[in-house]
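**Q** structure for the following, please:
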Amino acid sequence: MPRKDEQPVRCSFCGKTEKQARLIAGPGVYICSDCVEACRQLLQEDQKAAAQEKQASEERLPTPMEMKTFMDGYIIGQEEAKIALSVAVYNHYKRIYFGGGEDVELQKSNILMIGPTGSGKSTLVNLIPRFYDVSGGRILIDGVDIKNMSMRTLHEKIGFIPQSAFLFSGTVADNLRMGKPDATEEEMWEALETAQAADFVRAMPDGLDSELSQNGKNLSGGQRQRLAIARVLIRKAEIYVFDDSFSALDFSTDAKLRKALRERMPDITKIIVAQRVGTIIDASRIIVLDEGKVAGIGTHRELLENCTVYREIAQSQLSKEELGA
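**A** Here you go, the predicted structure:
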């Protein structure tokens with residue numbers, strides 16, 4: 001029995017004695033059963049608040065930007081798409097500086113890019129469908145940063161044709177339907193006509209039902225490229241990117257294809273990467289790249305006068321008569 005002058009044991013947190021509540025001994029401290037219950041209730045409230053916060057974040061209303069991005073995927077028949085690019089710096093293996101900090105708007109025209117090998121042409125156009133992401137600056141489509149778009153929405157807007165044309169084993173029609181699964185025969189022939197592929201497909205034994213070997217090895221390089229172009233054109237995209245996709249075509253077919261693109265798709269933005277000046281000579285806007293930087297922007301005539309890099313490329317490919325034309 002404790003002496004009268006001995007202090008009673010108390011809870012280290014609330015001061016209650018063992019007469020007032022059951023005490024639990026810990027290392028150097030005592031805690032009463034009431035404090036234990038209070039701690040348990042606080043913990044439950046914290047867990048409940050965290051669960052409610054998580055649920056609220058999952059059920060929150062989308063922002064206006066998110067709603068626009070979602071609806072963009074369902075807007076059909078837009079007359080044109082505008083692309084604006086500011087400084088784009090891609091750091092993985094090549095640095096690209098574009099636009100000098102100002103948005104450069106590309107719309108309703110043939111935008112052609114030319115430059116020496118390794119100047120960054122393909123790297124730049126690969127940023128548009130987000131095969132890579134910019135680490136500085138931005139790329140806008142219709143005023144929306146592409147990083148704020150879903151990949152599905154972005155890729156539905158863009159038709160991308162790489163230099164290396166890949167075809168699948170199957171019929172011509174099977175390959176075209178890779179671009180649009182429900183394409184009609186009329187749509188297929190329209191795309192083939194634009195891509196300058198209709199004549200040789202008609203000459204094949206079974207036309208659209210003619211069999212192709214894996215990667216189209218039973219076709220020439222130029223025929224493979226034209227079928228790959230037709231497969232993308234059938235999608236009716238808002239923006240087309242041709243990454244040196246005419247390289248296997250002869251000059252006559254190249255010129256006819258570019259003319260068909262201008263006449264049949266006048267309001268569609270077309271970005272064409274090219275090695276040959278003859279491919280870009282009639283473009284409404286030519287962008288010259290050199291060592292990852294824009295060396296000049298203008299028409300063929302303007303660049304001959306003002307851009308040394310372009311002038312050197314043109315002089316190496318064109319005759320004096322063609323340069324003076």
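**Q** which phi and psi does Leu140 have?
**A** The phi/psi pair for Leu140 (degrees, to the nearest 10) reads phi -110, psi 140.
**Q** so it is in contact with Asn148, correct?
**A** No. Using Cβ atoms under 8 Å as the test, Leu140 is too far from Asn148 to be in contact (9.6 Å). (Each C-beta comes from the backbone N, C-alpha and C, glycine too.)
**Q** what residue is smack in the middle of the protein?
**A** Pro129 (1.7 Å; Cα atoms, centre = their mean).
**Q** what sits against it?
**A** Leu154, His155, Ile158, Phe160, Val241 (Cβ atoms under 8 Å, 6 or more residues apart in numbering).
**Q** which ones among the residues you listed lie within strands?
**A** Cross-referencing the contacts of Pro129 against strands under DSSP state E gives Ile158, Phe160, Val241.
**Q** separation between the residue nearest to the centre of the chain and Ile287?
**A** Distance of Pro129 to Ile287, computed by Cβ to Cβ, to the nearest Å: 18 Å.
**Q** likewise for Leu23?
**A** 80 Å.
**Q** and for Lys293?
**A** According to Cβ to Cβ, Lys293 stands 11 Å off from Ile287.
**Q** of these two, who's got more company?
**A** Taking neighbours as other Cβ atoms under 10 Å, Lys293 and Ile287 compare with Ile287 leading, 26 against 15.
**Q** start and end of stretch 255-274, how far apart?
**A** This stretch, stretch 255-274, spans 13 Å end to end (Cα to Cα, to the nearest Å).
**Q** now it: how far from the chain's centre is it?
**A** 20 Å (Cα atoms, centre = their mean, to the nearest Å).
**Q** for that stretch, buried residues please.
**A** 255, 257-258, 261-262, 265, 268-274 (16 or more other Cβ atoms under 10 Å).
**Q** neighbours of Lys157, how many?
**A** The burial count for Lys157: 23, using other Cβ under 10 Å.
**Q** surely it meets Ile141?
**A** Yes. With contact defined as Cβ under 8 Å, Lys157 reaches Ile141; the gap is 6.3 Å.
**Q** quick one, phi psi at Met113?
**A** According to degrees, to the nearest 10, Met113 has phi -120, psi 130.
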